[in-house]
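need a structure here:
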Amino acid sequence: MGASLKVISPGIVASIQDEGRRGYAGFGVPRSGAADPVALQIGNALVGNDPFDAAIEFRFLGPKVVAHKGRVRLGLAANTAAELILAENGEKLSVSAWQTVVLNEGDILAVSSIGDGATGYLTIEGGFDLTPVLDSYSTYARAKLGGSTGLPLQAGDVVGANLDIPRDGMEKVVNSPPVLDRKTVRVMLGPQEDYFSQDEIVKFSSEVYNVSGDVDRMGIRMEGAELVPLPEKGSDLISDGLVPGSIQIPGSGQPIVLFVDCQTIGGYPKIATVITADLPLLGQLLPGDSIRFEPVSLAQAQAALIDQNSAIQNSISSIAEYFGEGVMDLKALYKANLIGGVVDANQSGHFPGHLEGTSNETD
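Numbers count the residues shown, from 1 in each chain. Below is the predicted model of the structure:
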């Protein structure tokens with residue numbers, strides 16, 4: 001193993017995640033993967049990785065990690081700051097949100113609690129040195145699949161890096177990070193909207209629902225207006241397929257929005273399904289957030305995904321070299337024409353641009 005990171009504290013919960021296990025639902029294997037794939041892609045761009053390279057995903061409170069061996073460059077893709085503690089002299093330096101930082105061996109990075117949203121990522125230049133399970137590095141803890149041990153990261157875990165040393169280059173920062181809007185979740189009705197009257201569907205799409213305290217990577221329980229199925233339909237059906245974003249209505253009438261670690265089949269009617277473009281929003285919902293569900297058409301859902309991809313590219317395009325507060329931008333100085341010539345104080349006839357000859361020379 002070359003360079004590596006050691007977990008001092010995982011925060012509330014941290015795990016290795018990438019794009020997830022697509023194509024295995026037919027075998028009963030959940031997709032898993034990043035709770036916010038938008039932030040993951042931008043965080044990987046920060047360190048020059050492929051968009052869905054595996055990263056450390058943290059929820060609510062960031063981890064504390066140490067460069068266990070060698071040097072590593074990390075990208076902090078989250079609406080939070082961090083503190084870098086230098087092993088050499090114990091000096092503490094601030095690390096801003098959405099920027100990279102190099103850790104020398106023994107340096108510690110302590111990530112703060114997330115100020116806006118629920119999910120963030122630590123990406124590592126070159127990616128982590130892990131073994132894929134069913135074509136993915138993502139951690140699915142209920143079956144002990146993926147990650148470094150099959151479980152969420154624990155204090156003392158060591159994760160290797162693919163690069164022995166960081167590549168040369170200045171640190172980077174995302175000048176236009178993604179903007180969070182946790183007020184509206186767009187959905188397409190179905191596949192069992194026929195279990196509900198039109199009045200119940202109007203209620204679902206017009207009432208405000210609050211995110212309960214029961215939130216994890218498997219699902220998000222909502223609290224609000226009770227939704228009652230048609231008497232002849234009831235609250236149960238023969239189990240059929242589920243995907244992240246399915247909105248089940250159990251006997252309590254309170255919606256459950258299934259998420260990335262959700263089961264692959266279920267027996268409650270699904271009144272609607274969150275569109276692909278808004279799945280990352282689910283990963284940023286906090287207990288107590290108030291949202292509305294907005295039904296949209298297939299064309300609108302497709303347009304939203306196109307808009308989201310454009311927004312991701314805009315954020316990636318805004319990545320620039322970061323010199324830090326109070327650090328001189330030498331490249332900017334080199335590009336500026338600050339000196340038009342040299343004047344010799346002993347030769348009064350010397351003007352800028354005239355480096356040859358004597359003081360009695362003229363243009």
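
Please identify the helix or strand for the most centrally placed residue in the chain.
Nearest to the mean C-alpha position of the chain, by C-alpha atoms, centre = their mean, lies residue 39 at 2.7 Å. Using DSSP states H and E, residue 39 sits in helix 37-46.

model confidence over that helix, on average?
Helix 37-46 comes out with an average pLDDT of 98.

who touches it?
Outside of helix 37-46, the residues within contact range by C-beta atoms under 8 Å, 6 or more residues apart in numbering are 17-19, 34, 50-53, 55, 57, 75-78, 98-100, 119-123, 172, 174, 177-178, 279-280, 283, 308, 311-312, 315-316, 319. In this view, the C-beta of every residue, glycine as well, is placed from N, C-alpha and C.

Convert the helix or strand following it to CSV, retaining C-alpha atoms only.
For helix 37-46, the following helix or strand on the C-terminal side (DSSP H and E) is strand 55-59. Extracted in CSV, the C-alpha atoms of strand 55-59 (Å, rounded to 0.1, in the frame of the first residue of the first chain):
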residue,chain,number,x,y,z
ALA,A,55,-15.2,8.9,-2.3
ILE,A,56,-15.9,9.2,1.5
GLU,A,57,-19.5,10.3,1.9
PHE,A,58,-20.4,11.9,5.2
ARG,A,59,-23.8,12.8,6.6
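
So which elements touch strand 55-59?
Helices and strands touching strand 55-59, by 3 or more C-beta pairs under 8 Å, 6 or more residues apart in numbering; DSSP states H and E, are strand 13-17, helix 37-46, strand 119-124.

Tell me which of these is the most buried.
strand 119-124 (a mean of 28; mean count of other C-beta atoms under 10 Å).

Which strands or helices does it pack on?
Judged by 3+ C-beta pairs under 8 Å, 6+ apart, the packing partners of strand 119-124 are helix 37-46, strand 55-59, strand 72-77, strand 108-111.

Note down every partner strand of the second one and its orientation.
Each strand paired with strand 55-59, and its direction, by DSSP bridges: strand 13-17 (antiparallel), strand 119-124 (antiparallel).

so how far is it from its chain's centroid?
Offset of strand 55-59 from its chain centre (C-alpha atoms, centre = their mean, to the nearest Å): 8 Å.

try the last one
Strand 108-111 sits 17 Å away from the centroid of its parent chain (C-alpha atoms, centre = their mean).

Quickly run through the sheet partners of that strand, with directions.
Here strand 108-111 is paired, per DSSP bridges, with strand 64-69 (antiparallel), strand 82-85 (antiparallel).

go on, the third one?
Strand pairing for strand 72-77, determined by DSSP bridges: strand 99-103 (antiparallel), strand 119-124 (antiparallel).

mind putting those in a markdown table, distance to residue 208 and mean pLDDT included?
Below are these laid out as a markdown table (distance: least, C-beta to C-beta, whole Å; pLDDT from 0 to 100):
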| stretch | distance to residue 208 | mean pLDDT |
| --- | --- | --- |
| strand 99-103 | 36 | 96 |
| strand 119-124 | 23 | 98 |
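
Can I get those in a markdown table including distance to residue 159?
Formatted as a markdown table, those follow (distance: least, C-beta to C-beta, whole Å):
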| stretch | distance to residue 159 |
| --- | --- |
| strand 99-103 | 13 |
| strand 119-124 | 8 |
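
For residue 273, find the nearest of those.
Closest of the strands paired with strand 72-77 to residue 273 is strand 119-124, at 20.7 Å (criterion: C-beta to C-beta).
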